[in-house]
Every structure is written in structure tokens, then in C-alpha cells.
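> no FASTA, just this:
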């Protein structure tokens, strides 16, 4: 049994390419290998292209050559986010034309959200794994090895039955994350992911070639009305033991000399005791590392003890998911249950640590937004004075309460074709130049006006902070 995992390239329109190592592929590879499957990973993000090459042709050629050389029994196509879908679909079509007998299974956030549409319209995709995929992918590989397909037994799985699409909803999620093997780092060359980090925030002066992503927990119990991650990772927050997480860090530290990490958890600091134990374990082992939290941590569960432990253990960059300066928008509409006083308290705590780089996330353009609520956000950004405020235009992801609200109240603009979002990645990558819904009490001209105001404010905040840091 041979399994080829393909990670499509990150679209050129995405400027942030800091995280290249694909943990989703490495976790799947690890559990497959544990069952005796031979695994090969093709990550198109590390393909070195000449300027004269046609990018699509080069990617397609690399895919077909790898399939031809490895001759897999099955192919897994990742589609972690929607921007990867056009390439992933094209790869599946090229593979199916050249190797029609090899089944192709797709997984990832985009595939999970749009599984029915993809299977209905894409002949080259045979199956889709929904959400967390380790258990389903090993079951599928075992069935393929024996030739006895009992698809109805696979939790979180979509497949074709004649002209209809059968869906086994994802009901069971891995509770004992320590039982999973570490990601299969041995199947990739970490040096392929090295890139220029000379301008990175590096207060400890450690060598940084890349930041390796870590997952100490999965999912988030919050139900913010704009977030769809619970559909992928389930409703319940689940954590690895602190020892298990630090064992992985220790392995990468000792085996590869790696000292920079990114905790990609949806909610790293949800459990205070767990966070403190994680930090104490890093400190106890005397690991001289640096780490960051690219996703926004839960501000309302944060306190001085947690921050001090994180910084002592090596935290150098943190992101807070604040989302709005309006109490009404943030709590009544979004459902964050985050008092304004707590925001000021937490951000003020960070001022004690000059080595800490602080980002704050905000969203603009919810249906209930008004000029007053946008002004609240503007004033809050000015007052908290973080290193980098980030204000994103609202994206109404399918499956969220927000999407259903926009559909029900006819808030979508520009004749947005909501039935075909599954094949339209431009819905997601607009560089904050486009809005998809019109608030009840604002015109689009109001939103664009505030978009410009936020952009000017952000640029000013970043410039002022950089001058202070440079001294």
C-alpha cells in the first residue's frame, strides 16, 4: 500500500508565507506509516521555479512525474483553505486523465465546507474526508488495501453512490491527542523550507531559518458568529499533555537544531493550568527557544500569570483576537463575551515586556455595524497602542450564523453567486479591497471610507512603534 500526499501551492496573492511546513500532511503521513503504509509527500510550495517557467505547467509536470515515479495506490489532495482549490482541482484532473485507476481523496477546510458541491461537480475527486482526518484516512487506506469498501463505517466521510452524494457527518473527534505519533518530519527536508528571516522579531538573538508550526490543542469552544472552524475541528477543545508537546519541541530542538516555533492552536491559552504546565515544562528542560501565536489567543482568559510564564518560556510575538471596539458588536453580535476593561487590562500587561511584539486582530463590516461602532474600533486601536493592529474586512464563511443571516436578509452585494463559492477563491482573497455584504445601516461608501481610515491608522501605528523599537 503506497499513499501519495500532495500539498498544493499557496496562492501568490497571499503575502504571508511564513509557515511552509504542512502539519496536516505530516500528521496524516505519520498515522498512515504507523499502519504500515508507505507514504510520500509532494509539497508544491518548495518547488524551485525558473523565472522563464510557466508556473501552472511546472506544477502540473511535477505532480505527474511524482505520481509516475512513486506509483501510489491512493492519492490524498490537501485543500486546507479555499485559495488552494483551483490548483488542487486541476491536479486531480491531470492525475485522473493520466492514471484513471488511482483513487483521489481530498481533505481540508475548503473540502469540508463544500464537500457536496465538489463531489457533485468534479468527476476527478472520488472521496472527501470531513474535518479532522487521521482516523478516516487510515480506515480508507485499510479498506483500499483489502478491496472491501464499507464507506458507511467511516466517520466524517463523503462519497458518491451512483448519481447521489452520501455523507457520513463528522461526529467523533480524537480525544487522546497524545496517542497520535509526532508529525512525520523525516519525510521532508526542513532545509527546503528555510527562507529569509533577517527582519523577524528576534529579541533572544537565536538563529531563525523558519518557524515550525505546532498544535498543542485542537478546536475552540467559542461560537463566534463569523467563525467556521468548529465545523472542521469539532465543538470541543481538546489538548495534548504539556509533556507530549514539549517532547516534540525537544525532538526538533535536539535533532534539527530548531529553536523557533509557531503555536497554530485556535485557542492556545483557553486552559490556564494547561498553559502554565506547558511553559514550566519548557523552562524546566532549559530549552532556549522562541515562539509565537499567529492565531489570536483568547483575551478574556488571559492574565498576568499566564503572560509571565509564556514570556519566560520564550514567547516573543503574540496576537489578541479582539475583533471590535464596540461592546455591542463584540459581545451581543459576535458572541465573544469579552469586556472592554479586560482588553485594556491585557494589553497593558504586555507593556511590561519590551521584548514582546504584540498584534491585535479586528474585523469590520458586520451587518449590525454603524459609523458609531466603527469609531469605537478606531478609538480602541489608537488607545491600546500595539505593535501591529490588523483590521480585516468581514468574510461571511458558509456554515456560520453570519452567512445564514446574510442569506436570509439579502445582504450580499455585487450579485454574489453564493451557490458557486465552492469554485471561486476570489471570495476569500481580496486584500481588504472588497466587501461582500452591506450592513443594515451603512452604505458601501461608508465601509470604504472607514477602510481607508483604518489603513492610514494602521500604517501610522506600525511606523511609530518601529521608531520606538529602533530607538
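Cool, the structure landed. As the structure is a prediction and not an experimental result, all values here were calculated from the model.
> number of nearby residues for the residue lying closest to residue 83 once chain neighbours are set aside?
The shortest distance from residue 83 to any non-neighbouring residue, by C-beta to C-beta, 6 or more residues apart in numbering, is to residue 11 (4.2 Å). Glycine gets a C-beta too; all of them are placed from N, C-alpha and C. By the measure other C-beta atoms under 10 Å, the count of residues near residue 11 is 17.
> can you check the pLDDT for residue 11?
Residue 11 carries a pLDDT score of 78 in this model.
> that one contacts residue 84, doesn't it?
Yes. At 7.2 Å, residue 11 and residue 84 qualify as touching, with contact defined as C-beta atoms under 8 Å.
> tell me the domain ranges of the protein?
2-168, 197-470 (automatic domain parsing).
> adding distance to residue 188, write these out as a markdown table.
Shown next, in a markdown table, are these (distance: least, C-beta to C-beta, whole Å):
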| stretch | distance to residue 188 |
| --- | --- |
| domain 2-168 | 6 |
| domain 197-470 | 11 |
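> residue 176: which of those is closest?
domain 197-470 (8.6 Å; C-beta to C-beta).
> from the chain's centre, how far out is that closest one? Work that out for me.
With C-alpha atoms, centre = their mean, to the nearest Å as the basis, domain 197-470 stands 11 Å off its chain's centre.
> ditto for stretch 141-148
Counting by C-alpha atoms, centre = their mean, stretch 141-148 comes out at 31 Å from the chain centroid.
> for that stretch, buried residues please.
When burial is assessed from 16 or more other C-beta atoms under 10 Å, stretch 141-148 yields the following buried residues: 141, 144.
> try stretch 366-373
So, applying 16+ other C-beta under 10 Å, buried residues of stretch 366-373: 366, 367, 368, 369, 370, 373.
> now stretch 154-174
154, 155, 156, 157, 158, 159, 160, 165, 168, 170, 173.
> same question, stretch 456-465
Here stretch 456-465 shows 457, 458, 461, 465 as buried, counting by 16+ other C-beta under 10 Å.
> roughly how far does the second one sit from residue 359?
Okay, so that is residue 458. 11 Å (C-beta to C-beta, to the nearest Å).
> find the residues that touch each one of these two.
Counting by C-beta atoms under 8 Å, 6 or more residues apart in numbering, the contacts common to residue 458 and residue 359 are 388, 389, 390.
> thought the first one was touching residue 462?
Yes. Counting by C-beta under 8 Å, a contact exists between residue 388 and residue 462, whose distance comes to 5.7 Å.
> any chance you could map the strands in the stretch 151-300 of the chain?
Counting by DSSP state E, counting those that start in this stretch, one finds strands in the stretch 151-300 of the chain at the ranges 157-161, 164-168, 212-214, 217-218, 238-239, 260-263, 290-292.
> nearest to residue 232, out of these?
The nearest among those, by C-beta to C-beta, is strand 217-218 at 9.4 Å.
> if you average pLDDT over that closest one, what comes out?
The model assigns strand 217-218 a mean pLDDT of 94.
> isn't residue 317 up against residue 359?
Yes. If you go by C-beta under 8 Å, residue 317 and residue 359 touch, sitting 7.2 Å apart.
> of those two, who's got more company?
In this view residue 317 and residue 359 are compared by other C-beta under 10 Å, and residue 317 has more residues nearby, 22 against 18.
> so how far is residue 203 from the more buried one?
From residue 317 over to residue 203 (counting by C-beta to C-beta), the distance is 10 Å.
> go on, residue 368?
For residue 368, the distance to residue 203 - C-beta to C-beta - is 40 Å.
> and for residue 211?
15 Å.
> for the two, indicate the residue with more neighbours.
residue 211 (25 against 15).
> just checking, that one touches residue 260?
Yes. Contact status for residue 211 versus residue 260: in contact at 4.8 Å, counting by C-beta under 8 Å.
> check the contact lists of these two and give me the overlap.
residue 197.
> and of the shared contacts of residue 458 and residue 359, the nearest to residue 2?
For the shared contacts of residue 458 and residue 359, the nearest to residue 2 is residue 390 (42.4 Å; C-beta to C-beta).
> skipping adjacent residues, who's closest to that closest one in space?
residue 361 (5.3 Å).
> please enumerate the helices of the stretch 251-400 of the chain.
Assigned by DSSP state H, counting those that start in this stretch, the stretch 251-400 of the chain shows helices spanning 272-284, 304-313, 327, 340-350, 371-384.
> hmm, I typed the wrong one, I wanted the stretch 1-150 of the chain.
23-34, 55-70, 85-98, 109-113, 115-121, 134-146.
> closest one to residue 325 among the ones you listed?
Of all the helices of the stretch 1-150 of the chain, helix 109-113 comes closest under C-beta to C-beta, at 28.4 Å.
> for the closest one, packing partners?
strand 127-129, helix 230-233 (3 or more C-beta pairs under 8 Å, 6 or more residues apart in numbering; DSSP states H and E).
> and among these, the most buried is which?
Per residue and on average, the most neighbours among these fall to strand 127-129, with a mean of 26 (mean count of other C-beta atoms under 10 Å).
> return the distance of it from the chain's centre.
Distance, centroid of strand 127-129 to centroid of chain: 19 Å (C-alpha atoms, centre = their mean).
> okay, now the sheet partners of that strand, with direction.
As defined by DSSP bridges, the strand partners of strand 127-129 come to strand 104-107 (parallel), strand 157-161 (antiparallel).
> mind checking which of those is nearest residue 134?
strand 104-107 (10.3 Å).
> residues touching the lowest-mean-pLDDT helix or strand in the chain, excluding its own?
Lowest by mean pLDDT, DSSP states H and E among the helices and strands of the chain is helix 230-233, with a mean of 84. Residues outside helix 230-233 that contact it (C-beta under 8 Å, 6+ apart): 109, 112, 113, 131, 132, 173, 218, 219, 220, 223, 266, 399.
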